[in-house]
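[1] predicted model and sequence below, questions to follow.
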Amino acid sequence: MDDRLALRARSRRETAQGTPAPPRRLARGLAWGTAALAATVLASLLFGAGEVGPGRALAVLAGVGDDDARFAVLQLRVPRTVVAVAVGTALGVAGAVLQTAARNPLAEPGLLGVSAGASFAVVLVIASGAGAAALGPWVAVLGAGAGCLLALGAARLRGTGDDPVRLVLAGAALSALLGAATSIVLLLDQRTADEVRFWTVGSVAGRDLGTLSQVGPVLAAGLAIALLAARPLSALALGDTVAQGLGHRPARARGLAMAAVALLVGGSVAAAGPIAFVGLVVPFLARALVGPDLRRVLAVAVLLGPAVVLAADVASRLLVRPYEMPLGVVTALIGAPVLVAVVRSTRMPSL
């Protein structure tokens, strides 16, 4: 009861000081997220590295385009945009859930070795000659789950898992180890190396709707579990004791969070390869718009996640035109400054 009264008092103080009330902040965050997503979807359909420019692409959307432009927009850009939306949603939600479960703003799938675990598992499946198309998403889920557990477990060996520096160091070590193992497999198997050369740096280029049909059920399951875990995880952010007092079980909440992260990251890696920093940037922006409550953060993350991935994908097409830069490289360029900002922040030592 005292905790609830304290939260209400803080809300009144923030409102009196001019901070928007939660419903108003949520509406504002949803408006910004919707506008960003709409703008980036349109840009993804209009701009490309090829000869079909915005004018011809716009004509296709109006129903009067030529055959070459119709092929470029409808057969290449539309599926690519749909896959990017799915991947962005998954990574944005996974980052928010992982950060809240770990009570650490630096807990990001790419930094903690979660994506590296999924990548290593998929490469092993391809190298073994198994049916990668059918097994890839589920193998990636297992790899992502193992990577998540290893990173969090290593950070908590001495009971200091909430320390941002220790968590990032554990994740960096795990990522380096799994990256080295992946490189060894690729060096020993040239066929596999040729097959996954562009996938290993993260890209949605050349993806079709068949990709989404394979990973869609995995991503949908992960999103459903994340939404189910949002309420107990929001209470968990106040501490295990407070969460138990509110009727939630911390162990169950963390278990749901890890399952959601494994499904979301595993599915996204199977679809587009490892794409770093999206799970860091999106929750950072969402909290700036709507505050720390995970339920509100997730509502905005499902809009900002696709917007960030689409913006990076459009930039990857235009920066070195007529060639394309890997999507993972662009997200790293965007995410690195955000990582520095989070590390330097003295107001966000933990969640």
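    Received, thanks.
[2] what's near enough to touch residue 140?
    Residues near residue 140 by Cβ atoms under 8 Å, 6 or more residues apart in numbering: 118, 119, 121, 122, 265, 266, 267, 269, 270. All C-beta spots, glycine's among them, are computed from the backbone N, C-alpha and C.
[3] what about 6 Å?
    118, 121, 122, 266, 269, 270 (Cβ atoms under 6 Å, 6 or more residues apart in numbering).
[4] now the fifth one. Nearest residue, chain neighbours left out?
    To tie it back to what came earlier, the one meant is residue 269. Spatial nearest neighbour of residue 269, chain neighbours left out: residue 118 (3.9 Å); criterion: Cβ to Cβ, 6 or more residues apart in numbering.
[5] restricted to helices, list the contacts of residue 140.
    When DSSP state H is applied, the contacts of residue 140 are split such that 118, 121, 122, 266, 269, 270 fall in helices.
[6] which one of the contacts of residue 140 is nearest residue 220?
    residue 266 (12.9 Å; Cβ to Cβ).
[7] what is the burial count for that closest one?
    Around residue 266 there are 35 other residues, counting by other Cβ atoms under 10 Å.
[8] so it touches residue 141, yeah?
    Yes. Counting by Cβ atoms under 6 Å, residue 266 does reach residue 141; the two are 3.3 Å apart.
[9] surely the residue nearest to residue 269 touches residue 271?
    No. Taking contacts as Cβ under 6 Å, residue 118 lies outside contact range of residue 271: 10.8 Å.
[10] looking at the two, which has the bigger crowd around it?
    Using other Cβ under 10 Å as the criterion, residue 118 and residue 271 rank with residue 118 on top: 33 against 26.
[11] give me the pLDDT for the more buried one.
    According to the prediction, residue 118 has pLDDT 90.
[12] kindly report the same for residue 341.
    79.
[13] and for the one 5 residues further on?
    We note a pLDDT of 50 for residue 346 in this prediction.
[14] check residue 204 too.
    With respect to pLDDT, residue 204 has a value of 90.
[15] now residue 300: how far from residue 82?
    Counting by Cβ to Cβ, to the nearest Å, the separation of residue 300 from residue 82 is 21 Å.
[16] quick one, which of the two is more surrounded?
    The neighbour count for residue 300 versus residue 82, taken as other Cβ under 10 Å, is higher for residue 300 (29 against 19).
[17] can you name every helix or strand that the host helix or strand of the more buried one contacts?
    Taking DSSP states H and E as the criterion, residue 300 maps to helix 294-318. Judged by 3 or more Cβ pairs under 6 Å, 6 or more residues apart in numbering; DSSP states H and E, the packing partners of helix 294-318 are helix 22-46, helix 78-102, helix 209-236, helix 278-290, helix 327-344.
[18] which of those is buried the deepest?
    helix 78-102 (a mean of 28; mean count of other Cβ atoms under 10 Å).
[19] which residues are contacting it?
    Contacts for helix 78-102 (Cβ under 6 Å, 6+ apart): 44, 105, 107-109, 204, 207-209, 211-212, 219, 226, 233, 237, 254, 257, 260-261, 264-265, 267-268, 271-272, 278-279, 282-283, 294, 297-298, 301-302, 305-306, 309-310, 313, 351.
[20] and stretch 188-201, by the same measure?
    126, 127, 186, 273, 326, 328.
[21] change it to 8 Å
    By Cβ under 8 Å, 6+ apart, stretch 188-201 touches 119, 122-123, 126-127, 182, 185-187, 205, 272-274, 326-329.
[22] pipe the helices and strands packed on helix 294-318 into JSON lines and attach distance to residue 146 per row.
    Below are the helices and strands packed on helix 294-318 laid out as JSON lines (distance: least, Cβ to Cβ, whole Å):
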{"stretch": "helix 22-46", "distance to residue 146": "32"}
{"stretch": "helix 78-102", "distance to residue 146": "15"}
{"stretch": "helix 209-236", "distance to residue 146": "16"}
{"stretch": "helix 278-290", "distance to residue 146": "17"}
{"stretch": "helix 327-344", "distance to residue 146": "21"}
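[23] ok, of these, where does mean pLDDT dip lowest?
    helix 327-344 (a mean of 84).
[24] output the contacting helices and strands for it.
    Under the contact criterion of 3 or more Cβ pairs under 8 Å, 6 or more residues apart in numbering; DSSP states H and E, helix 327-344 touches helix 278-290, helix 294-318.
[25] could you dump it to PDB, C-alpha only?
    Presented in PDB, the C-alpha positions along helix 327-344 are these (Å, rounded to 0.1, in the frame of the first residue of the first chain):
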ATOM      1  CA  LEU A 327      21.600  -3.300 -42.600                       C
ATOM      2  CA  GLY A 328      23.600  -4.500 -39.600                       C
ATOM      3  CA  VAL A 329      26.300  -2.000 -40.300                       C
ATOM      4  CA  VAL A 330      23.800   0.900 -40.500                       C
ATOM      5  CA  THR A 331      22.100  -0.100 -37.200                       C
ATOM      6  CA  ALA A 332      25.500  -0.200 -35.500                       C
ATOM      7  CA  LEU A 333      26.200   3.300 -36.700                       C
ATOM      8  CA  ILE A 334      22.900   4.400 -35.300                       C
ATOM      9  CA  GLY A 335      23.100   2.400 -32.000                       C
ATOM     10  CA  ALA A 336      26.700   3.100 -31.000                       C
ATOM     11  CA  PRO A 337      26.000   6.800 -30.000                       C
ATOM     12  CA  VAL A 338      22.900   5.700 -28.100                       C
ATOM     13  CA  LEU A 339      24.900   3.100 -26.200                       C
ATOM     14  CA  VAL A 340      27.400   5.900 -25.200                       C
ATOM     15  CA  ALA A 341      24.500   8.100 -24.100                       C
ATOM     16  CA  VAL A 342      23.000   5.300 -21.900                       C
ATOM     17  CA  VAL A 343      26.400   4.500 -20.400                       C
ATOM     18  CA  ARG A 344      27.100   8.200 -19.600                       C
END
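[26] I appreciate the help and will end here.
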